[in-house]
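Enquirer: Structure of the sequence below:
(4 chains)
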There are 2 protein chains.
Amino acid sequence: MSAEDGAAALSNVFAALADPTRRDLVARLAERDATVGELAEPYEVTVQAISKHLKVLEDSGLITKTKDAQRRTVHLEAEVFDLMTKWIERYRRQAEQRYRRLDAVLAEMNHPETQPADTDNTKEQAS
Amino acid sequence: MSAEDGAAALSNVFAALADPTRRDLVARLAERDATVGELAEPYEVTVQAISKHLKVLEDSGLITKTKDAQRRTVHLEAEVFDLMTKWIERYRRQAEQRYRRLDAVLAEMNHPETQPADTDNTKEQAS
DNA sequence: GCACTCTTCAACCGAAGGGTTGCATAAGGC
DNA sequence: GCCTTATGCAACCCTTCGGTTGAAGAGTGC
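Expert: Down below sits the predicted model:
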């Protein structure tokens, strides 16, 4: 079923978390497991709408459900987060390295005689 | 411009990265800046389609553009990644703590007098 | 068995997304 | 000036998405 390649899986997880209601569901599930009805209660939309949201989260691998009588208890599966963080960290790191190189180049251009400032450039917040 | 509240900003970033083409653009921009035309070249879709993708990335804060003659040079803005990682880490950590507590409770239930030992862990391996 | 609760499925609707084509605009190259 | 390049904007098409209502399972509790 959802044994797709990494790209599609990544798309699913990002898309799942792009919705504020679904993020809120995830936030609440981080605190404790809950049934569909409990999860739906705080929102103004119908239970069916929440059920749909939960299906999206389930398809993305972020949650699982277990039968408990006629209820379904929903659990957060935090491992899927790693998919995203790994992707993000990879490119963030790459971009940061690039900034450091750029800074070094700029430093050299501004001070051609002095040696380039060492690697521990505090690049931190720009803007 | 897009100085929205955190929730909407978060939705925008997640939604922006939910598309594989846009993720690929980000990946390439992590390596080096590029013009719109350069970015569009590898894909089969039209330049306008890529221009739209870049607009989505720009609205989410992930990229900026600078005028360079009639070209626009596109830069990656890696700080926005923090928005996501902070959100993710928060709930991942919360969920992990919950698992630890659960493990402790289960251990105590199985061995009320002894101190927590390994249980017949029905749960999958937690890293 | 029957009523009631919890959840999902199905059909539908309007809005948003990703794509297209076509045109407008802006800046070089001659 | 004029043609060409590079980009953005607008209108449109089709699909997906988030929501609704309505009905169908699936279990519990008398």
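Enquirer: Tell me if I am right that residue A:75 is in a helix.
Expert: No - using DSSP: H, G, I helix; E, B strand; the rest coil, the assignment for residue A:75 is strand, not a helix.
Enquirer: Number of residues surrounding it?
Expert: Neighbourhood size, residue A:75 [other CB atoms under 10 Å in any protein chain shown]: 16. For glycine as for every other residue, the C-beta is placed from the backbone atoms N, C-alpha and C.
Enquirer: what does residue A:60 give?
Expert: Residues near residue A:60, counting by other CB under 10 Å: 22.
Enquirer: unless I'm mixing things up, it is touching residue A:12, no?
Expert: Yes - between residue A:60 and residue A:12 a contact is recorded at 4.1 Å, counting by CB atoms under 8 Å.
Enquirer: How about the residue nearest the centre of chain A, nearest residue that isn't a chain neighbour?
Expert: Taking CA atoms, centre = their mean, the centroid of chain A lies closest to residue A:84, which sits 5.0 Å from it. The shortest distance from residue A:84 to any non-neighbouring residue, by CB to CB, 6 or more residues apart in numbering or on different chains, is to residue A:13 (5.8 Å).
Enquirer: what's near enough to touch that neighbour?
Expert: A:60, A:61, A:62, A:80, A:83, A:84 (CB atoms under 8 Å, 6 or more residues apart in numbering or on different chains).
Enquirer: ok, those vs DNA strand D, which is closest?
Expert: Distance to DNA strand D, by CB to the nearest atom of the strand, is smallest for residue A:60 among the contacts of residue A:13, at 10.5 Å.
Enquirer: hmm, stretch A:37-44 in reach of DNA strand C?
Expert: Yes - Stretch A:37-44 is in contact with DNA strand C by CB under 7 Å from any atom of the strand, via A:37, A:38, A:40.
Enquirer: same thing with stretch A:74-84?
Expert: No - counting by CB under 7 Å from any atom of the strand, DNA strand C has no neighbours in stretch A:74-84; the shortest distance is 7.9 Å.
Enquirer: List the buried residues of that stretch.
Expert: Buried residues in stretch A:74-84, counted by 16 or more other CB atoms under 10 Å in any protein chain shown: A:74, A:75, A:76, A:77, A:78, A:80, A:81, A:83, A:84.
Enquirer: near DNA strand C, which residues of chain A?
Expert: So chain A meets DNA strand C at A:35-38, A:40, A:47-48, A:51, A:54-55, A:65, A:70-72 (CB under 7 Å from any atom of the strand).
Enquirer: Need these in CSV (columns: distance to chain B and pLDDT).
Expert: Compiled in CSV, the residues of chain A next to DNA strand C are given as follows (distance: CB to the nearest CB, whole Å; pLDDT from 0 to 100):
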residue, distance to chain B, pLDDT
A:35, 17, 97
A:36, 19, 98
A:37, 21, 97
A:38, 16, 97
A:40, 20, 97
A:47, 23, 97
A:48, 22, 98
A:51, 21, 98
A:54, 16, 98
A:55, 17, 98
A:65, 15, 97
A:70, 22, 92
A:71, 19, 96
A:72, 18, 97
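Enquirer: Just the buried ones out of those, please.
Expert: So, by 16+ other CB under 10 Å, the buried ones in these are A:35, A:36, A:40, A:54, A:65, A:72.
Enquirer: now, the most widely separated pair of those?
Expert: A:40 and A:65 (13.7 Å; CB to CB).
Enquirer: sorry, back to before: is the residue nearest to the centre of chain A in contact with residue A:16, as I believe?
Expert: No - the pair residue A:84 / residue A:16 is not scored as a contact, 10.3 Å apart, by CB under 8 Å.
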